[in-house]
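Chemist: this one's structure only:
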């Protein structure tokens, strides 16, 4: 490719031309900026003004029919303002002075007039840049490219087509883009390229930046919801000597100074429970956890987890909390992030106890369908759903085993030992039931034998007070009435169900945690919510990688 046809060389040449003007191509501090979203919100301050100072409001452009002629509207206003005059004085469109900054994402030249679309994190706005109006800045305008970051000041107006715009009176360059943007019609579409170059994906692909800003609002809402209920946020260790608190394969590492092998944490649970013992009665952490497992549209090796624990509560307490967190996050997104930080509404009896009638605010799009998050969410027992979707009596271990064989599950493990009936039952549940749960639905009362950190149901030691929240076949939340009996906990840490692999087992002895329980942990409810999956559902994102800024990828070759 010749130098003159090479876009990189052309941009380098413009860089040097800008330097030759005495301009800094990398910009300086710029004060007094108005976010583009705020500038657009000033549209009602744009008026039509005549030479005598009288003003008229502009028409509501959103309410006008297709083909609305703004030029004719202005001519009609002029005639009405001075009736009877053959050549009535002409008014002009005037608005407030604003100064904005952003990236040029569209540019079209009409000789001595250039129209540009500028984008910042709050939206897009058109600039109308005239050679006469910007004066000494015009040579700079001629060296600008798509992707450049600029600041522009001028009056907010409406063009003859009714487009809200800034009539530029001056521009400055804040950063020259030396890489051309993706092609207008083809764009950056390859999923791996979008994830690897997330900065390009966010800058140019429609809807990507708003989605990640929405994620930030969801995380802020979660924190505000918990703070409003008296929860204390803490930071636990990410390096653990025992991969405990969940059933998952960990990432291994080594600490050179101490000479010990460690694990990146797979859960937050056991350290947060220690804090219950220590006297923090409502505690949570919102942080990264790491599981050395497969990658899929629903799984990423590192993900963001919320875990919260409340002394003197139980799993029903955590159901109400889960509903509140999700409903308030939806409200935050519906409000567009307009609520000030730290001003979350106080928890009310409405959340978790509202009418079951559909509320449009809580009905969100999901692919070609919708999800109704109107509280209270449906609650059904593990056994009820097993019988409904698997079609066999969950208490009939023989019938469950026969179904498992039909599905293709082995009834014995690799060593030839018979698998525990509850292990077989849960494999059938995961295969036959989970994908059928559209939700949101709380699945409650799990087999106790597969829940070693959970308190048993009063009067029925075979049932654990546990729930999982499922939405569209995805597990979003998992919660327990926490086991606080140190002797039973120690026994369960020592026992692994027959046929359950090490990876799927929580039978990992943590002597210090048992010692903490012996000091007395209050009865408590505990909750874990997968933040990435929650954001998927609330932003209509079909893969977890679309809500993680920088998902793990193989290195570029």
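Modeler: Arrived safely, thanks for sending. Quantities reported herein were computed from a predicted structural model and do not represent experimental measurements.

Chemist: over to residue 272: give its phi and psi.
Modeler: As for residue 272, its main-chain torsions (degrees, to the nearest 10) stand at phi -70, psi -40.

Chemist: shouldn't it be in contact with residue 285?
Modeler: Yes - when contacts are counted by Cβ atoms under 8 Å, residue 272 is listed as touching residue 285 (6.2 Å). Where you see a C-beta, it was placed from the backbone N, CA and C, and this is true even at glycine.

Chemist: need the residues touching each of those two.
Modeler: Shared contacts of residue 272 and residue 285, defined by Cβ atoms under 8 Å, 6 or more residues apart in numbering, are found at 234, 236, 307.

Chemist: for the second one, helix, strand, or coil?
Modeler: This points to residue 236. coil (DSSP: H, G, I helix; E, B strand; the rest coil).

Chemist: where does the stretch 151-300 of the chain have low pLDDT?
Modeler: 185-186 (pLDDT under 70).

Chemist: which parts of it are strands?
Modeler: Listed in chain order, the strands of the stretch 151-300 of the chain (DSSP state E, counting those that start in this stretch) span 164-175, 232-233, 239-240, 252-255, 260-264, 282-290.

Chemist: now tell me what touches the third one from outside.
Modeler: Okay, so that is strand 239-240. By Cβ under 8 Å, 6+ apart, strand 239-240 touches 250, 253, 255, 262, 263, 264, 265, 266.

Chemist: mark which of these are buried, thanks.
Modeler: Listed as buried from the contacts of strand 239-240 are 250, 262, 263, 264, 265, 266; burial here means 16 or more other Cβ atoms under 10 Å.

Chemist: so which pair among those residues is furthest apart in space?
Modeler: Pairwise distances across those (Cβ to Cβ) peak at 12.2 Å, for the pair 262 and 266.

Chemist: what pairs with whichever helix or strand residue 481 is part of, and is each one parallel or antiparallel?
Modeler: Assessed by DSSP states H and E, residue 481 sits inside strand 474-481. As defined by DSSP bridges, the strand partners of strand 474-481 come to strand 460-471 (antiparallel), strand 524-530 (antiparallel).

Chemist: nearest to residue 276, of the ones you listed?
Modeler: Closest approach to residue 276 among the strands paired with strand 474-481 is made by strand 524-530 (5.7 Å; Cβ to Cβ).

Chemist: buried residues in that closest one, which are they?
Modeler: 524, 525, 526, 527, 528, 529, 530.

Chemist: before we move on, the earlier item: if we go by neighbour counts, what in the strand holding residue 481 is buried?
Modeler: Quick answer for strand 474-481 (16+ other Cβ under 10 Å): 474, 475, 476, 477, 478, 479, 480, 481.

Chemist: moving C-terminal of it, what's the next helix or strand?
Modeler: Going down the chain from strand 474-481, the next helix or strand is helix 486-494, by DSSP H and E.

Chemist: where does the stretch 401-550 of the chain have low pLDDT?
Modeler: 496-508.

Chemist: how does it look with 50?
Modeler: Regions of the stretch 401-550 of the chain meeting the criterion pLDDT under 50 cover residues 497.

Chemist: by neighbours, which of the shared contacts of residue 272 and residue 285 wins?
Modeler: residue 307 (25 neighbours; other Cβ atoms under 10 Å).

Chemist: spatially nearest residue to residue 102, not counting backbone neighbours?
Modeler: Leaving aside its sequence neighbours, residue 102 sits nearest to residue 120 (Cβ to Cβ, 6 or more residues apart in numbering; 3.8 Å).

Chemist: could you give the number of residues near that neighbour?
Modeler: 19.

Chemist: can you add distance to residue 446 and give the strands of the stretch 151-300 of the chain back as CSV?
Modeler: Output for the strands of the stretch 151-300 of the chain, formatted as CSV (distance: least, Cβ to Cβ, whole Å):
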stretch, distance to residue 446
strand 164-175, 55
strand 232-233, 29
strand 239-240, 25
strand 252-255, 30
strand 260-264, 26
strand 282-290, 21
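
Chemist: wait, which of those strands is closest to residue 33?
Modeler: Smallest distance to residue 33 across the strands of the stretch 151-300 of the chain (Cβ to Cβ): 10.4 Å, for strand 164-175.

Chemist: and the residue nearest the centre of the protein?
Modeler: Geometric centre of the chain, nearest residue: residue 215, 2.5 Å, by Cα atoms, centre = their mean.
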